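Student: Structure of the sequence below:
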Amino acid sequence: MHRCTSPCYQQITLLERYQISAFLQIGRFQTDIADTLNRSKNTISHEINRNSFEGIYDPCVAHVIAMTRRKSAEKATKQNPEVLQIVRK
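Tutor: Numbering: from 1, shown residues only. Next up is the predicted model:
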């Protein structure tokens, strides 16, 4: 796996969630986890904080939380001259 030099974020996978959980259980720091998974420390921190339940990071629960949030999220649309013209008509 390579590290992107430009923004190219990909969703955390279930396998990565299991790896994060295992690393946390053996006491690895978030920075070490990020380096091992070729992810930003902020991505790992955000994942743990956002997808923990009652202070516990469980990979299965985290995955369900993330997928539920993703499915219910509103999809962003880009406004461009063509879209605006269609809407005006």
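
Student: what's the burial count for Ala62?
Tutor: By other Cβ atoms under 10 Å, 23 other residues sit near Ala62. Using the backbone N, CA and C atoms, a C-beta is placed for each residue, glycine as well.

Student: now swap in Ile20 and tell me
Tutor: Using other Cβ under 10 Å, the number of residues around Ile20 comes to 25.

Student: wait, what's in contact with it?
Tutor: Neighbouring residues of Ile20 by Cβ atoms under 8 Å, 6 or more residues apart in numbering: 12, 33, 37, 44, 47-48, 57, 59.

Student: quick one: which helix or strand includes Gln85?
Tutor: helix 81-88 (DSSP states H and E).

Student: now do Arg17
Tutor: Here Arg17 is assigned to helix 14-25, by DSSP H and E.

Student: before we move on, the earlier item: tell me the two of the contacts of Ile20 that are most distant?
Tutor: Leu37 and Tyr57 (14.2 Å; Cβ to Cβ).

Student: Torsion angles phi and psi at Phe53?
Tutor: Main-chain dihedrals, Phe53, degrees, to the nearest 10: phi -120, psi 120.

Student: residues near the nearest residue to Ser40 once chain neighbours are set aside, how many?
Tutor: In space, and not counting its chain neighbours, Ser40 is closest to Ala34: 6.1 Å by Cβ to Cβ, 6 or more residues apart in numbering. Look at Ala34: counted by other Cβ under 10 Å, it has 20 neighbours.

Student: Enumerate the positions of the helix or strand containing Ala34 that are buried.
Tutor: Assigned by DSSP H and E, Ala34 belongs to helix 30-37. Within helix 30-37, the residues that count as buried by 16 or more other Cβ atoms under 10 Å are 30, 33-34, 37.
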